[in-house]
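Student: pasting a predicted model and its sequence here:
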Amino acid sequence: MKEFWNTRYSNKEYAYGKLPNKFFKNELLKLDAGRILMPGEGEGRNAVFAAEMGWEVDAFDYSEEALKKATQLANLRNVEINYTVSNFDDYKFSLNKYDCIALIFVHVPKEKRKLLHQKMTNLLVPGGIIILEGFSKNQISRGSGGPKDIEMLFSKEELLSDFYDLSKMKIQTIETKLDEGESHKGQASVIRLTAIKPTP
């Protein structure tokens, strides 16, 4: 899988474009800048936007080519991001550290999904927010992006279970037309979620 992503990101063009995901952008603009974690960040389009908005950004992906592209984009936009090459198992997480965690099209195998999402909850400070957009299971037959394993796609029920201990959750499955580089293009079914870690 790492070879797949290194190959995709080795092209000169940005696979998902240089502009931030629209849902992420709109939700981030509602918040005061703080510290944000961006797992599976790919070529850096969302991390760079967050840095432009004044956020202190930690990001990681297990593709070395992704790091190169993210660094190029950050330099182009004259911002700094703390980007590490790592997978979820090896990344050095710190509990209760982040004001926001953004999971933008971060799809992992079914057996790791719930544990990953619960870990993300633990990384938030009280009052911190999760912003998530990913493909729903309805995406499986479409060619506009996403895993071809339906178990790696999301359902509302799975996400409600994964983030059960968060509050003020907003979650919806929508049909949208993606235009994010050549790898996310066309009609798609996505799930969007925001939720907040309760304060004591």
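Tutor: Received the coordinates, thanks. Numbering: from 1, shown residues only.
Student: list the residues that contact K156.
Tutor: If you count contacts by CB atoms under 8 Å, 6 or more residues apart in numbering, K156 has them with 171, 173, 191. To be clear about C-beta, it is placed using only N, CA and C from the backbone, and glycine gets the same treatment.
Student: filter those to the buried ones?
Tutor: Buried by 16 or more other CB atoms under 10 Å: I191, out of the contacts of K156.
Student: looking at the contacts of K156, which is nearest E52?
Tutor: Minimum distance to E52 across the contacts of K156 is 26.3 Å, recorded for I191 (CB to CB).
Student: tell me the bridge partners for the closest one.
Tutor: Counting by DSSP bridges, I191 is bridged to G134, T173.
Student: how far away is it from S94?
Tutor: Separation of I191 from S94 (CB to CB, to the nearest Å): 28 Å.
Student: kindly report the same for G145.
Tutor: From G145 to S94 the distance is 31 Å (CB to CB).
Student: can you check R77 too?
Tutor: Remark: distance between R77 and S94 (CB to CB) = 26 Å.
Student: those two: which is more packed in?
Tutor: The neighbour count for R77 versus S94, taken as other CB atoms under 10 Å, is higher for R77 (15 against 10).
Student: surely the more buried one meets E52?
Tutor: Yes: proximity of R77 to E52 meets the contact threshold set by CB atoms under 8 Å, at 6.0 Å.
Student: ok, and the closest non-adjacent residue to R77?
Tutor: V48 (5.3 Å; CB to CB, 6 or more residues apart in numbering).
Student: helices of the chain, start to end?
Tutor: 2-9, 22-28, 45-52, 64-77, 110-123, 156-162 (DSSP state H).
Student: and the fourth one, which residues are buried?
Tutor: For helix 64-77, the neighbour count (16+ other CB under 10 Å) marks 65-70, 73-74 as buried.
Student: and for the first one?
Tutor: Across helix 2-9, burial judged by 16+ other CB under 10 Å covers 5, 8-9.
Student: restricting to C-alpha, output it in CSV.
Tutor: C-alpha atoms of helix 2-9 as CSV (Å, rounded to 0.1, in the frame of the first residue of the first chain):
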residue,chain,number,x,y,z
LYS,A,2,2.9,2.4,0.8
GLU,A,3,4.2,1.8,-2.8
PHE,A,4,0.8,2.7,-4.2
TRP,A,5,0.7,6.1,-2.4
ASN,A,6,4.4,6.8,-3.2
THR,A,7,3.6,6.1,-6.9
ARG,A,8,0.5,8.3,-6.9
TYR,A,9,2.3,11.2,-5.1
